[in-house]
Structures are given as structure tokens and as C-alpha cells.
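> Got a predicted structure here, sequence first:
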Amino acid sequence: MEIRELQIQLSHGTTYYLEAGQGESLILLHGVGFYTGGDYWLKNIEELSKHFHVYAPDFVGWGNGDRLPVEYSFSYLADFVREFQDAIGAASTHVVGHSMGGWVAALFGYESPERVCTLTLVANGGISTRTLSSMTTFTPPTYEEILQHVMQTTEPGSINTEETAQRWYERTKITNAVEAYQKILNHMNQPLHRARYNLQRRLPHIKVPTLVVWGSEDQVNDLSMGEKVHSLIPKSEMAVLPYGHFLPSEAPQEFNKQVIQFIQKNVHLQTLKS
């Protein structure tokens with residue numbers, strides 16, 4: 001499948017996204033990393049696009065798109081997903097979110113269930129109010145640090161690590177990128193905001209079919225957090241894989257298999273009901 005890099009105009013300006021495939025629409029939401037974006041999902045898009053119409057946007061404030069000189073709230077990021085759906089002409093989609101993207105996806109599933117066909121939460125935060133030192137003490141990474149991260153969190157041989165690291169390093173040089181990102185972190189790491197947008201009270205009200213995917217070796221959000229997320233969402237399913245926090249890139253084949261089977265099963269069940 002050809003993966004197309006496109007751009008779209010939203011209320012905040014230009015957003016870049018990757019698109020491939022056809023069929024049921026699936027949106028992939030990336031994590032909080034400074035230099036990452038929709039292209040984090042490249043190895044997943046290759047396989048997922050054989051089954052679905054896949055979209056992987058850069059969140060507002062990430063990637064190569066426009067930035068706003070303000071702090072972005074969790075609500076703003078959830079509304080970004082709605083606006084992106086509107087812009088691509090999708091009344092509802094399947095939604096997969098990793099880490100921060102999973103937190104936003106869960107908020108979105110709680111707020112707008114009619115816009116979500118299925119929800120897949122991957123190693124997501126959101127049920128703890130703890131602040132993160134990595135946000136408090138953020139400094140722009142060097143090329144060597146990015147390269148090390150790519151090598152540690154990517155299935156060996158699945159991508160060109162040097163090319164990926166260089167692409168992400170170039171994003172650290174975008175004008176005002178550091179300042180904009182620090183504003184995002186300031187909001188996300190503020191204890192009051194983390195408590196206000198905590199998922200604990202929201203997860204029991206999520207009604208859409210939900211898959212929770214976690215790594216047994218996750219050192220960022222440990223497995224007990226994943227088990228708690230699973231227990232709070234009615235009738236959710238859980239898949240535990242023997243990897244760390246970055247499941248989509250650490251084990252793309254196994255991760256893709258879980259997502260494809262879950263979505264196809266629920267599409268089939270919905271077809272039978274109708």
C-alpha cells in the first residue's frame with residue numbers, strides 16, 4: 001500500500017498526516033515524545049492499511065505542522081481528534097492511542113462515544129496524578145540521544161534507525177518548537193490538570209468496545225496500571241505482550257495482529273446485530 005504524506009487545514013493551522021488503505025477508517029494517535037508524530041506508526045500503517053483506511057496525524061503542537069503560542073489542554077487535544085475527523089469527512093472511526101495518545105483517546109471515547117467505533121488503548125497514562133520528571137526537566141535531545149531511543153524501542157531490522165533518528169532530529173530545529181513543546185508539558189505536568197483530566201472516574205462510563213494493550217516489561221506505565229485500566233472499562237478486553245512501553249514499534253507484527261483481530265471481530269458483531 002502507498003503511504004501518502006498529506007496536510008490539512010484545521011482551526012489552529014496546518015496539520016500533517018499519513019494516510020493509506022481503504023475500508024473502515026482508523027485513526028492512530030501517537031505519544032508525547034518531543035520529536036515524534038504520525039510517522040511513529042509507519043511500520044504499523046504498512047500492515048493495518050491492508051485492512052483499514054488508516055490515518056496517522058501529527059497532534060497539534062507536534063511534527064512539522066503549525067504551533068500555537070499557548071498551553072494545549074487535554075480537552076484541546078481531544079477536540080483536535082474530533083476536528084480531524086470532521087476534516088477528513090468521518091462521522092466516526094476506530095481509534096488507537098499510544099501512551100499520551102491513549103490518554104487522549106480515552107477522553108475522546110468518554111466524551112464522544114458516537115464518534116468511536118472501537119477504542120484501543122496502548123500503555124496509556126491517565127489514571128495516576130503523579131508528575132513526571134521527564135516533563136519537569138525537559139531539554140531538547142541530541143541526535144545521539146534520539147538514535148539511542150530509536151534503537152532501544154524498535155524491532156531490530158524493521159526500519160532504518162539512522163534515517164528515522166535524523167528525520168526526528170531535524171524536527172528539534174523547527175522555529176519555536178522547543179518553546180511550544182514546553183508549554184504543552186507545563187500544562188500536562190501541572191498536578192491540578194492531571195487530577196482534573198484523570199481517567200479513573202471516566203473509564204467506567206466508556207461504552208464502546210475497548211481493547212487494552214500493555215507490555216509486561218513496561219517501565220513507564222507498569223502492568224498494574226494496565227490491569228487497572230482494563231478493570232475500570234466495562235466489558236473491555238486486554239492483551240499483554242512481553243515487551244516494554246513502545247509496543248507498536250518494539251513488536252509491530254504482534255501488535256498489529258491484536259488490533260486487526262479486535263477490530264474485525266467487533267465489525268463482524270456489529271454487522272450481525274444490524
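Alright, I've got the coordinates. Residues are numbered from 1 along each chain as shown.

> Any stretches of the stretch 151-274 of the chain with poor pLDDT?
The stretch 151-274 of the chain contains residues with pLDDT under 70 at 274.

> For the stretch 101-250 of the chain, just list every one of the helices.
133-136, 143-152, 161-171, 177-188, 191-196, 223-232, 247-250 (DSSP state H, counting those that start in this stretch).

> Give me whichever of those is most buried.
helix 247-250 (a mean of 24; mean count of other Cβ atoms under 10 Å). (Glycine included, C-beta is placed from N, CA and C.)

> CSV for the helices of the stretch 101-250 of the chain, including distance to Arg115?
Shown next, in CSV, are these (distance: least, Cβ to Cβ, whole Å):
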stretch, distance to Arg115
helix 133-136, 29
helix 143-152, 33
helix 161-171, 29
helix 177-188, 23
helix 191-196, 22
helix 223-232, 20
helix 247-250, 22
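
> right, so of those helices, which gets closest to Val208?
For Val208, the closest of those is helix 223-232, at 14.1 Å, according to Cβ to Cβ.

> packing partners for that closest one?
strand 210-215, strand 237-241 (3 or more Cβ pairs under 8 Å, 6 or more residues apart in numbering; DSSP states H and E).

> can you do 10 Å?
Counting contacts by 3 or more Cβ pairs under 10 Å, 6 or more residues apart in numbering; DSSP states H and E, helix 223-232 packs against helix 100-111, strand 116-122, strand 210-215, strand 237-241.

> so which of the helices of the stretch 101-250 of the chain gets nearest Trp103?
helix 177-188 (9.0 Å).

> That closest one versus helix 161-171: what angle between them?
90 degrees (axes from the mean of the first three to the mean of the last three Cα atoms, to 10 degrees).

> I'd like the helices and strands packed on helix 223-232 laid out as CSV, including distance to Thr172 and mean neighbour count.
Formatted as CSV, these follow (distance: least, Cβ to Cβ, whole Å; neighbours: other Cβ atoms under 10 Å):
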stretch, distance to Thr172, mean neighbour count
helix 100-111, 18, 25
strand 116-122, 25, 26
strand 210-215, 27, 25
strand 237-241, 30, 17
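
> how about the ones you listed, which one is nearest His94?
Of the helices and strands packed on helix 223-232, nearest to His94 by Cβ to Cβ is strand 116-122, at 4.8 Å.

> hang on, the earlier thing: mind checking which of the helices and strands packed on helix 223-232 is nearest Pro204?
helix 100-111 (9.5 Å).

> Now do the helix ranked longest in the chain against strand 210-215: the angle between them, please.
As assigned by DSSP state H, the longest helix anywhere in the chain is helix 252-273. What separates the directions of helix 252-273 and strand 210-215 is an angle of 170 degrees, with the same axes, to 10 degrees.

> I'd guessed Gly61 sits against Ile184; true?
Yes - counting by Cβ atoms under 10 Å, Ile184 is a contact partner of Gly61 at 5.3 Å.
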